[in-house]
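Quick one, fold the following:
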Amino acid sequence: AEMIAHWCYPVESHDVITDDGYILNMLRIPRGLSSPGPPSNNSSCNRPPILLVHGLLVDSGEFVMNPPVSSPGMILADAGFDVFLLNVRGTTYSQRHVNLTSDDNDFWKFTTDEMARFDAPAAIEAVLRLNGAEQLYWIGHSQGTRIGFLLLSEQPEYNRKVLAMFQLAPVGTFHWARGLVRPLLWLYHTLKGLISFYERVLGSHEIGLHIPWLLAGMARIVCHPMFQLCKDLIFLGAGPPAKSFNFSRVPVYVANFFVSTSMWNILHYGQ
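Residues are numbered from 1 along each chain as shown. Predicted coordinates:
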């Protein structure tokens, strides 16, 4: 929200309560700078709603980390959309529950299955209620695409509420993944017995290292011209960077990475 407000865009914060009791944070950019008009809660402004759902180990900040001309959230708001940014369960701003606290192991007993079964429907209903429309657009990135695929296949009634779905870096299986993911998957399968024991003994718990000042500081060192490791690390983790990639902003990107999720969710990807 602070990144959005920094560029003078209007921003709202909404709580979304799922059927299994998780309290999710969802941000709203009701209009862009180039589209002044009626109050954001006035559906007569006729701005189509669009819901953005983030990837694994990040939160909705990934859609607003750049200046407005290259941040999807602000670009869509300026283009006339009513923009909603969901933070799924377990992320920094969605670590609340009606009965549990984030210190309870039971809080962390979830995977993308629960995000699709509970988080996505609750978010869609909230967006449609706030905007007044009957349908919305969906943009998913990475894990957000997996949630979208699961939702529409397991709860087909939502196909009538999602007008169109745009999937960025879609995830179906890691089987054909390359780069750094391959040795990680090999390690998972090699240590599968030990991991199963660990899972039974400790149960599910929080996993993440979202300490922005520390991550940004590490990125500034690694990306220093003297080391020039940025490109290599990005290549290993996510493939070759695009020519338009702005390496000067890597500390900002890294500072918003390693956002919490559950150990069960990580192991689910290993499966």
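
can we go C-alpha only for contacts and neighbour counts from here?
Fine.

Name the spans of the protein whose pLDDT lies under the cut-off.
Scanning the chain for pLDDT under 70 picks out 35-45, 226-228.

any chance you could map the helices in it?
For the chain, applying DSSP state H gives helices covering 2-6, 72-78, 112-114, 120-131, 143-154, 181-190, 192-202, 212-222, 230-238, 250-255, 263-270.

could these go into JSON lines alongside mean neighbour count?
Listed next are the helices of the chain as JSON lines, based on neighbours: other CA atoms under 10 Å:
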{"stretch": "helix 2-6", "mean neighbour count": "14"}
{"stretch": "helix 72-78", "mean neighbour count": "22"}
{"stretch": "helix 112-114", "mean neighbour count": "19"}
{"stretch": "helix 120-131", "mean neighbour count": "20"}
{"stretch": "helix 143-154", "mean neighbour count": "21"}
{"stretch": "helix 181-190", "mean neighbour count": "14"}
{"stretch": "helix 192-202", "mean neighbour count": "12"}
{"stretch": "helix 212-222", "mean neighbour count": "17"}
{"stretch": "helix 230-238", "mean neighbour count": "14"}
{"stretch": "helix 250-255", "mean neighbour count": "20"}
{"stretch": "helix 263-270", "mean neighbour count": "17"}
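
Export those as JSON lines, with columns for distance to P170.
Listed next are the helices of the chain as JSON lines, based on distance: least, CA to CA, whole Å:
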{"stretch": "helix 2-6", "distance to P170": "26"}
{"stretch": "helix 72-78", "distance to P170": "17"}
{"stretch": "helix 112-114", "distance to P170": "14"}
{"stretch": "helix 120-131", "distance to P170": "17"}
{"stretch": "helix 143-154", "distance to P170": "5"}
{"stretch": "helix 181-190", "distance to P170": "15"}
{"stretch": "helix 192-202", "distance to P170": "26"}
{"stretch": "helix 212-222", "distance to P170": "26"}
{"stretch": "helix 230-238", "distance to P170": "13"}
{"stretch": "helix 250-255", "distance to P170": "20"}
{"stretch": "helix 263-270", "distance to P170": "14"}
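
The ones you listed: which one's closest to V171?
V171 sits nearest to helix 143-154 of all these, at 5.5 Å, using CA to CA.

Now do P49 against E2, distance only.
22 Å (CA to CA, to the nearest Å).

Run through who's touching stretch 257-266.
Residues outside stretch 257-266 that contact it (CA atoms under 8 Å, 6 or more residues apart in numbering): 56-59, 89-92, 108-112, 204-210.

again, 6 Å this time
Residues outside stretch 257-266 that contact it (CA atoms under 6 Å, 6 or more residues apart in numbering) are 57-58, 90-91, 108, 111, 204-210.

Make a ChimeraX selection of the buried ones in those.
Per 16 or more other CA atoms under 10 Å, the buried members of the contacts of stretch 257-266 correspond to this ChimeraX selection:
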select :57,58,90,91,108,111,204,205,206,207,208,210
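
I'd like the distance between the closest residue to Y269 other than its chain neighbours and M165.
Distances taken as CA to CA, 6 or more residues apart in numbering place F174 nearest to Y269, at 7.4 Å, with adjacent residues excluded. Distance from F174 to M165, counting by CA to CA: 21 Å.

Wait, A116 touches F149, no?
No. If you go by CA atoms under 6 Å, A116 and F149 don't touch, sitting 8.4 Å apart.

Many thanks, we can stop here.
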